[in-house]
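1. Fold the following, please.
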Amino acid sequence: MAGTYPFRNYRIFFTPLVGENEYGAVADVTMDVDTTDFLKSVGTIKREIDNGDYDIGIFTFGDITLNMINFERKFNTPDDPRSMFKYRRDRCKVEIIFYDENATASTRFKGLINDDATRLDFTTGIIRFKVLSLDSILRQVPVPAGAIVDGDLFSTAIKKILNVPEVTTTLTYSAANVDVDLD
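-> Model prediction:
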């Protein structure tokens with residue numbers, strides 16, 4: 001059953017990590033959402049071209065906050081056997097799908113849980129997840145020392161940066177799509 005959003009329906013799915021770079025089964029968590037703050041958070045989902053220093057023309061999505069009802073301890077840390085997170089909460093994939101009045105699905109947001117910003121309120125049983133857009137994986141993964149050496153072409157450097165398990169298990173990567181004007 002989908003949650004209700006004014007004039008639309010929505011569904012929310014979590015895909016948690018089960019190993020270092022291995023994702024498990026997709027879980028529908030729509031019924032666990034605290035809809036009070038969810039509706040406020042949905043209003044912040046937007047696509048924009050970021051135009052700050054060093055990032056002109058980067059296409060980004062806004063981040064959102066999801067408040068989940070955690071009375072059953074489903075969203076606790078992996079050390080709790082009741083938790084759906086068997087490895088860790090960080091980098092769990094989140095997908096929010098909205099349906100219009102004709103029940104046509106259109107994905108509005110895909111992101112990753114940032115566990116550093118996760119907050120649990122024991123008195124209310126609400127856990128607050130900060131969900132960063134998928135491009136946040138590029139900010140989280142360090143480039144290994146020595147991966148890019150003097151004399152590497154730009155295309156080679158970009159491929160080395162993107163072709164790491166943390167990125168390839170999160171984003172779709174194809175070396176054939178790396179095309180630079182000046183190599």
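2. which SSE is the residue lying closest to Gly125 once chain neighbours are set aside in?
-> Nearest non-adjacent residue to Gly125, counting by Cβ to Cβ, 6 or more residues apart in numbering: Phe71, 4.6 Å away. (C-beta placed from N, C-alpha, C; glycine too.) Under DSSP states H and E, no helix or strand contains Phe71.
3. quick one: low-confidence parts of this structure?
-> Scanning the chain for pLDDT under 70 picks out 1-8, 37-61, 107.
4. Looking at it, name the residue that lies furthest from the middle.
-> Distance from the centre of the chain peaks at Gly151, with 34.6 Å (Cα atoms, centre = their mean).
5. Helix or strand: which one has that residue?
-> Using DSSP H and E, Gly151 falls within no helix or strand.
6. what's it in contact with, if anything?
-> By Cβ atoms under 8 Å, 6 or more residues apart in numbering, no residues touch Gly151.
7. Kindly list the longest strand within the chain.
-> strand 105-121 (DSSP state E).
8. which neighbours does it have in its sheet, and in what orientation?
-> With DSSP bridges as the test, strand 105-121 is paired with strand 88-99 (antiparallel), strand 126-133 (antiparallel).
9. nearest to Lys160, of these?
-> Among these, strand 88-99 comes nearest to Lys160, with 20.9 Å by Cβ to Cβ.
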